[in-house]
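Visitor: sequence first, predicted coordinates after that:
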Amino acid sequence: MNLGTTILKSRHSIRKYKPDPVTDLIIRDVLECGHLAPTAKNEQPWLFGVIKSAELRKKIADLTDKGKFIADAPLCIAVFGDKTAKYYLEDCCAATENLIIALQAYGIGSCWVTGEKKEYVEAVRTLLQVPDNYTLVSLIPAGYPADITLEPKKKLDDITFQDTYSEE
Ligand SMILES: Cc1cc2nc3c(=O)[nH]c(=O)nc-3n(C[C@H](O)[C@H](O)[C@H](O)COP(=O)(O)O)c2cc1C
């Protein structure tokens, strides 16, 4: 264990937040971490929207099926991918995880709310007036945690193999 792995292991999806705002300095640092994510051919086909407006967050929350708590988060980052880039989905997922872990490093909880295959992606894009070559890949509501729920995980030995796969 070291600081990096401790931060990674301490991350859990947070869906209840304290009202305390996230400072612009932190938001900037977090965005820089998203910006530095690995990206195929270094195309960086992403666009990060920072949504602080309570009115907009409520509208986004209402559009989602399983993201109603976005309305109560002090901040939501929306990750859009440029569909003309072949690997925009992989790239934007890498950026999303970087953003989430960077938030966690500041003790700020978040939750990955999809994104891409949902019916509401076009409505969110239109609401935020994002150009139509982009599509929504993820929404990241974030704030200081008011509640932490631990989700059960599969056993590590059941999801790993060494050299060649075997059923045993
Ligand atoms: C692609 C993706 C989409 C997700 N969409 C939602 C969502 O719409 N609403 C939600 O509450 N959580 C969503 N989650 C969070 C998962 O439910 C969560 O990561 C999972 O239950 C494991 O819990 P943990 O993040 O605390 O380890 C999503 C996660 C991923 C990776």
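Guide: Arrived safely.
Visitor: so what's the residue count around Val124?
Guide: Look at Val124: counted by other C-beta atoms under 10 Å, it has 24 neighbours. In short, each C-beta sits where N, CA and C put it, glycine included.
Visitor: you'd agree it is up against Ala61?
Guide: No. Using C-beta atoms under 8 Å, Val124 is not in contact with Ala61; the gap is 10.4 Å.
Visitor: point to the helix or strand of the chain where mean pLDDT is at its lowest.
Guide: strand 113-114 (a mean of 90; mean pLDDT, DSSP states H and E).
Visitor: what's the first helix or strand after it?
Guide: Next helix or strand after strand 113-114 toward the C-terminus (DSSP states H and E): helix 121-127.
Visitor: which secondary structure elements does that following helix sit against?
Guide: With contacts taken as 3 or more C-beta pairs under 8 Å, 6 or more residues apart in numbering; DSSP states H and E, helix 121-127 sits against helix 54-63, strand 134-143.
Visitor: so of the ones you listed, which one's packed in deepest?
Guide: By mean neighbour count, with neighbours taken as mean count of other C-beta atoms under 10 Å, strand 134-143 ranks first of the helices and strands packed on helix 121-127 at a mean of 25.
Visitor: gap between that strand and the chain center?
Guide: Distance of strand 134-143 from its chain centroid, counting by C-alpha atoms, centre = their mean, to the nearest Å, is 5 Å.
Visitor: cool, and stretch 65-79?
Guide: In this view, stretch 65-79 has its centroid 10 Å away from the chain centroid, taken as C-alpha atoms, centre = their mean.
Visitor: for that stretch, list the C-alpha coordinates in CSV.
Guide: In CSV, the C-alpha atoms belonging to stretch 65-79 read as follows (Å, rounded to 0.1, in the frame of the first residue of the first chain):
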residue,chain,number,x,y,z
ASP,A,65,-33.3,7.4,-14.7
LYS,A,66,-30.8,6.6,-12.0
GLY,A,67,-29.1,9.9,-11.4
LYS,A,68,-31.7,11.9,-9.5
PHE,A,69,-29.2,12.6,-6.7
ILE,A,70,-27.3,14.9,-9.2
ALA,A,71,-29.8,17.6,-8.1
ASP,A,72,-28.4,17.5,-4.6
ALA,A,73,-24.6,17.4,-5.4
PRO,A,74,-22.9,20.8,-5.2
LEU,A,75,-21.0,20.0,-8.5
CYS,A,76,-21.5,17.8,-11.5
ILE,A,77,-18.8,17.2,-14.2
ALA,A,78,-20.2,16.1,-17.6
VAL,A,79,-17.8,14.2,-19.9
